[in-house]
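Trainee: Need coordinates for the below:
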Amino acid sequence: MTAVNRSTKQNTPLSLSLFAFGGTTKPMSEIMFNKYDVDNNGSISRDELRSLCYDLGYYLSNDELAWACTVIDKDGSGMIDCREFAEWWKTSSRFDHLKMPNEKQALLLSWIVEICRSFDKLNTGTLDPDQFTAVCEALSQEGILNVNEYQACAFNEIDRNQDGRINFNELIAWFKNIGILDNASTENS
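Mentor: Residues are numbered from 1 along each chain as shown. This next block holds a predicted model:
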């Protein structure tokens, strides 16, 4: 950016000190993340997320906050890291995704969880690649998932923390991303 010097009519650069952050710009997601990571541990806790939402005019009940953490914490670590936060923050409908599922979505989610648990024989809350394939086949048989449409989705893409297993949060994040949960609408015919 330049300023016009009226006496010489030459373009001269503006001083970087005139810009916020010393001449560099940071993504808004990073600014917000750093503001609400009050303990500076590199992650947003449940309470820090509650503060952020409240400060921006979105009061979340305890149940809504738990759901919000499930939606945003895609690797299931229990904390929201900067990457997860930035991915959530960049969507214009970021707060719409934090709303509790409607009744149809809750029923669908319960059904999906029941199917997943039936294949999680050791009750670890995770699925290995073979169990995930079996879950997808079962969901396809139930008419929840079109396996042909989503077969190109690699296990490693869903396994965001790359531990070789898909946890519940990663699975829910995938269902949100492909629109499975969003297809269960609240509209009455």
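Trainee: Would you map out the domains in the chain?
Mentor: The chain breaks down by the TED database into domains covering 28-91, 103-178.
Trainee: which of those has the lowest average pLDDT?
Mentor: Sorting these by mean pLDDT places domain 103-178 lowest, at a mean of 83.
Trainee: Any idea how far that domain is from the middle of the chain?
Mentor: Using CA atoms, centre = their mean, to the nearest Å, the mean C-alpha position of domain 103-178 is found 16 Å from that of the whole chain.
Trainee: Also stretch 85-93?
Mentor: 7 Å.
Trainee: So which residues of this structure form strands?
Mentor: Counting by DSSP state E, the chain has strands at residues 2-5, 10-13, 43-44, 80-81, 126-127, 166-167.
Trainee: what's the distance between the most centrally placed residue in the chain and Val38?
Mentor: Residue closest to the mean C-alpha point of the chain, counted by CA atoms, centre = their mean, is Ile72 at 3.3 Å. Distance, Ile72 to Val38, using CB to CB, to the nearest Å: 17 Å. From N, CA and C alone the C-beta is placed, and that goes for glycine too.
Trainee: Repeat that for Glu149.
Mentor: 43 Å.
Trainee: Contact partners for Lys99?
Mentor: Residues in contact with Lys99 (CB atoms under 8 Å, 6 or more residues apart in numbering) are 64, 67.
Trainee: pLDDT score for it?
Mentor: The model's pLDDT for Lys99 equals 73.
Trainee: And the residue lying closest to Arg117 once chain neighbours are set aside, how far from Ala134?
Mentor: Nearest in space to Arg117, with sequence neighbours left out and distances taken as CB to CB, 6 or more residues apart in numbering, is Asn123 at 7.5 Å. Distance of Asn123 to Ala134, given as CB to CB: 16 Å.
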